[in-house]
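Asker: Need a 3D model of the following:
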Amino acid sequence: MKKLIFPFLILGFLLTSCENDDDVCVSGEATPRLKIKFKSADNKVLTLDSLYLDVDYGNNNILTVVRAAKVDSALIPIRVDDAGFTELYVRKTKKGSVSKIKLNYNTTSEYVSPACGFKRLYQNLSGTLETANPVTKVELNQNQIINENKTHLYLVF
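Answerer: This next block holds a predicted model:
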């Protein structure tokens with residue numbers, strides 16, 4: 001019995017030493033992602049059969065962040081450094097044509113909590129279609145990214 005007291009004391013100490021500030025960010029307090037949706041040329045919201053979306057995070061660090069079927073929207077993590085732009089590469093098929101979209105913005109930082117640290121907010125958002133096909137147009141819906149609730153950008157196919 002005496003041998004069990006010490007492990008239970010340690011376990012009790014570990015369980016009671018954590019506070020709410022030590023929790024991981026779980027309620028939308030992190031840096032918001034870009035929310036995009038899709039439209040047809042006649043302005044109707046689309047569900048794409050498939051979507052491949054790559055993001056250039058700088059230094060030729062291009063990562064595929066979306067590889068999905070039957071997709072009507074996507075949440076895209078954009079750069080958190082001070083570059084002021086992020087480049088997106090959009091395809092409808094794995095080996096298909098690639099549209100290049102350049103997003104420009106200003107960034108600010110906001111303190112959240114000891115567990116979450118700071119989050120980035122994006123202001124004065126603009127999008128430029130640099131290479132068309134399959135995307136034919138970029139429509140801005142919100143000029144700031146402060147949460148993921150609203151659609152920020154529409155891609156027209």
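
Asker: which residues are contacting stretch 85-105?
Answerer: Stretch 85-105 has contacts (C-beta atoms under 8 Å, 6 or more residues apart in numbering) with 34, 48-57, 62, 76, 78-79, 84, 122-135, 138, 145, 153, 155, 157. Quick note: C-beta positions are derived from backbone N, CA and C, even for glycine.

Asker: Can you flag the buried ones in those?
Answerer: The neighbour count (16 or more other C-beta atoms under 10 Å) marks 34, 48, 51-57, 76, 78-79, 122, 125, 127, 129, 134-135, 138, 145, 153, 155, 157 as buried among these.

Asker: immediately after the helix or strand of the chain with the lowest mean pLDDT, which helix or strand?
Answerer: The helix or strand of the chain with the lowest confidence, counting by mean pLDDT, DSSP states H and E, is helix 2-16 at a mean of 61. Downstream of helix 2-16, the first helix or strand assigned by DSSP states H and E is strand 34-39.

Asker: Which other helices and strands does that next one contact?
Answerer: Strand 34-39 is packed against strand 73-76, strand 153-156, with contacts defined by 3 or more C-beta pairs under 8 Å, 6 or more residues apart in numbering; DSSP states H and E.

Asker: Neighbouring strands - and their directions - for the last one?
Answerer: Think strand 153-156. Applying DSSP bridges, strand 153-156 is found paired with strand 34-39 (parallel), strand 137-140 (antiparallel).

Asker: Of these, flag the one that's most buried.
Answerer: strand 34-39 (a mean of 20; mean count of other C-beta atoms under 10 Å).

Asker: The next helix or strand after it - contacts with which helices or strands?
Answerer: Downstream of strand 34-39, the first helix or strand assigned by DSSP H and E is strand 48-56. Applying 3+ C-beta pairs under 8 Å, 6+ apart, one finds that strand 48-56 contacts strand 62-71, strand 73-76, strand 85-91.
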